[in-house]
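Q: Mind folding the following:
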Amino acid sequence: MEDKTEPTYEDAPYTELALAQLALAATAQELADFLMEFVVVWRGWHRRPVEDAARFVRRAQEFLDRAVIVEKVSGASWEDIGDTLEITRQSATPSSARSPRSGRRRSSARS
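A: Here you go, the predicted model:
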């Protein structure tokens, strides 16, 4: 008889830390690519600086969220993370963190 159970996290070839680091690296690459667009200016260049800056802030927040996940998976406490961010431990807790596997917020709150 065939086992029809879905694979679990434990079946994955990567550790939770490795997945978190890969997600962080991918986000850093996306952020760098986005910023490169600001370096080149050519004839007919029609940027929307406020809109682009807002997009940058959202992407930078995603990068920070993923960095927090890497720190937490590496063993940092919420207090350590809060101290680094100069916020309270309560403000640094999981409601603001993203899942390293999906990149989605863990809580049901919208971003």
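
Q: Grab the nearest non-local neighbour of Leu22.
A: The shortest distance from Leu22 to any residue other than its chain neighbours is 7.4 Å, reached at Tyr14 (CB to CB, 6 or more residues apart in numbering). Placement of C-beta: from N, CA and C, glycine included.

Q: quick one: that neighbour is in a strand?
A: No - using DSSP: H, G, I helix; E, B strand; the rest coil, the assignment for Tyr14 is coil, not a strand.

Q: So what does it have for phi and psi?
A: Geometry field for Tyr14 lists phi and psi as phi -110, psi 150, criterion degrees, to the nearest 10.

Q: residues in contact with Leu24?
A: By CB atoms under 8 Å, 6 or more residues apart in numbering, Leu24 lies in contact with Phe63, Arg66, Ala67, Ile69, Val70.

Q: Just the ones in helices from those residues, please.
A: The helices in this structure, assigned by DSSP state H, contain Phe63, Arg66, Ala67, Ile69, Val70 from the contacts of Leu24.

Q: what comes up buried for stretch 51-68?
A: Of the residues in stretch 51-68, those buried by neighbour count under the rule 16 or more other CB atoms under 10 Å are Arg59, Glu62, Phe63, Asp65, Arg66, Ala67, Val68.
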